[in-house]
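Engineer: Please find the sequence and the predicted model below.
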Amino acid sequence: MMATDNLSNTNRSARNRPFRKAVIRGLAILLPPLLTIALFLWAWSLVHYYVLSPVESAVRYIVVESLWDVETVPHDRPLQIGREGRKEFRRNKKVYVVLPRTDEGIPFTIADKVSSELDLKTASPRECYYAFVDDAYLKPIYVVPVFLCVFIMVLYLLGKFLAAGVGHFLWAVVDRAIIRLPVIRNVYSSVKQVTDFIFTDHEVEYTQVVAVQYPRKGVWSIGFVTGEGMKAVQERSQEPMISVLMPTSPMPATGFIITVPRSETIDLDITIDQAIQFVVSCGVVVPVGQQYSSEINGFPIIPKMIKQSLQTGDAGEEETDLSDDELSEDDPDPSADP
């Protein structure tokens, strides 16, 4: 009975395995674009909340102050009844509409523009002006392009200033002050490493992507060749040495340098960008043309060239073992009895 139950459970799990595999593959296809969109929306919400909204409020206030034209209602003469029963009066050859809430008048052009959005019986002059400025000057179709142009110009001027002597010195002082803060320095240092790696022009030029047996033989790691090894090391080892930067996952901005013999490395036919994607994704994103035929849960596991190298090494060992066996069969033990 127990054997039957175990067999049925095994069959059920075997039937469910293709379904789970298909779900995982679908998730792997959908997650990258969804996460990319979510990241951009999150970045835009931060920019809108912390940058665009304060700038828009400041611009709105400046425009309102420049257009501000509010007159007190005269009580020495009767008011006129204008359109839609609104009370009006004239002053300086301009028509003003009375706002009952504050007993003040605003220009007819502004009142007529915002009357469809606000109730003039309960609105204040400032609310009317804010609504007028938003409708006439701060429409998103105008604000977003202007904001982007201004933002790019500010970034350009800031970059030029920080590249100069005084700006560089001031930023160095601010940077050292932030690093001294107890809690903030941990987050700031990590974020700064990532941004420096992405946006800064690197002085180190990677010439080749190689695979190195590190941290022990049989374990292959991806590295970037940065140059020739030091002279003293090459003279001691009596063979060509190269310096290899071993990046850390998932932040290739950090890593360490090792010096290895050139003969113990494998040149990988991939670009620097592909290698960085491989490191950042922790080995999930394998470069095209380097995917191994075998899979674990639907994902390729090791690059093809490393696998070929391993197969070549294994074949050599098998040939060596076979030749030893053949020799032992052909040459009998001298100490054996004839």
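Structural biologist: Nice, I can see it. Numbers count the residues shown, from 1 in each chain.

Engineer: Can you spell out the domain ranges of the protein, please?
Structural biologist: 52-166, 175-201, 208-319 (automatic domain parsing).

Engineer: Can you check which of those gets nearest to L31?
Structural biologist: Judged by C-beta to C-beta, the one of those that comes nearest to L31 is domain 208-319, at 10.8 Å. From N, CA and C alone the C-beta is placed, and that goes for glycine too.

Engineer: buried ones in the helix or strand containing V191?
Structural biologist: Assigned by DSSP states H and E, V191 belongs to helix 184-199. By neighbour count with 16 or more other C-beta atoms under 10 Å, helix 184-199 contains no buried residues.

Engineer: Are there helices or strands packed against that helix, and which ones?
Structural biologist: Applying 3 or more C-beta pairs under 8 Å, 6 or more residues apart in numbering; DSSP states H and E, one finds that helix 184-199 makes contact with helix 165-179.

Engineer: Does anything pack onto the helix it packs on? Which helices or strands?
Structural biologist: helix 140-163, helix 184-199.

Engineer: picking up where we left off before, packing partners of the helix or strand following the helix holding V191?
Structural biologist: Following helix 184-199 in sequence order, the next helix or strand is strand 208-213 (DSSP H and E). Packing contacts for strand 208-213, counted by 3+ C-beta pairs under 8 Å, 6+ apart, involve strand 220-228, strand 241-247, strand 265-267, helix 272-280, helix 304-330.

Engineer: still on that earlier bit, out of the helices and strands packed on helix 165-179, which gets the lowest mean score?
Structural biologist: When the helices and strands packed on helix 165-179 are compared on average pLDDT, helix 184-199 comes out lowest at a mean of 76.

Engineer: quick one: that helix to strand 241-247, angle?
Structural biologist: 120 degrees (axes from the mean of the first three to the mean of the last three C-alpha atoms, to 10 degrees).

Engineer: Residues in contact with helix 184-199: which ones?
Structural biologist: With contacts defined as C-beta atoms under 8 Å, 6 or more residues apart in numbering, helix 184-199 is touched by I178, I179, L181, M251, P252, A253, T254.

Engineer: what does stretch 81-95 give?
Structural biologist: 71, 73-74, 77, 79-80, 96-98, 100, 105, 107-108, 111-112, 115, 120.

Engineer: Show the end-to-end separation of that stretch, please.
Structural biologist: 12 Å (C-alpha to C-alpha, to the nearest Å).

Engineer: pLDDT weak spots in the protein?
Structural biologist: In the predicted model of the chain, residues 1-16, 197-198, 200-205, 292-338 satisfy pLDDT under 70.

Engineer: Over to the residue nearest to the spatial centre of it. Which of the three states is it?
Structural biologist: For the chain, L39 is the residue whose C-alpha lies nearest the centre (C-alpha atoms, centre = their mean; 7.3 Å). The local conformation at L39, judged by DSSP: H, G, I helix; E, B strand; the rest coil, is helix.

Engineer: That one and P261, how far apart?
Structural biologist: Noted for L39: a distance of 42 Å to P261, by C-beta to C-beta, to the nearest Å.

Engineer: repeat for L30
Structural biologist: L30 is 45 Å from P261, by C-beta to C-beta.

Engineer: swap in L158?
Structural biologist: Applying C-beta to C-beta to L158 and P261 gives a distance of 47 Å.

Engineer: Look at these two and report which has more neighbours.
Structural biologist: Set L158 next to P261 and count neighbours by other C-beta atoms under 10 Å: P261 wins out with 16 against 12.

Engineer: isn't that one right up against P240?
Structural biologist: Yes - look at P261 against P240 with C-beta atoms under 8 Å: they come within range, at 7.1 Å.

Engineer: Which strand or helix spans V98?
Structural biologist: Per DSSP H and E, V98 falls inside strand 94-99.

Engineer: And the next helix or strand past that strand?
Structural biologist: Following strand 94-99 in sequence, per DSSP H and E, is strand 104-107.

Engineer: Could you pull out the buried residues of the helix or strand that that next one is followed by?
Structural biologist: Per DSSP H and E, strand 104-107 leads on to helix 108-114 as the next helix or strand towards the C-terminus. For helix 108-114, a neighbour-count test (16+ other C-beta under 10 Å) marks F108, I110, A111, D112, K113, V114 as buried.

Engineer: Run through the neighbouring helices and strands of whichever helix or strand comes after helix 108-114.
Structural biologist: Once helix 108-114 ends, the next helix or strand along the chain (criterion: DSSP H and E) is helix 125-136. Counting contacts by 3+ C-beta pairs under 8 Å, 6+ apart, helix 125-136 packs against helix 53-67, strand 104-107, helix 108-114.

Engineer: which outside residues touch the first one?
Structural biologist: Helix 53-67 is contacted by residues I110, R126, Y129, Y130, F132, V133, D134, Y137, L138, V143, F147 when judged by C-beta under 8 Å, 6+ apart.

Engineer: and if we set it to 7 Å?
Structural biologist: Y129, Y130, V133, Y137, L138, V143, F147 (C-beta atoms under 7 Å, 6 or more residues apart in numbering).
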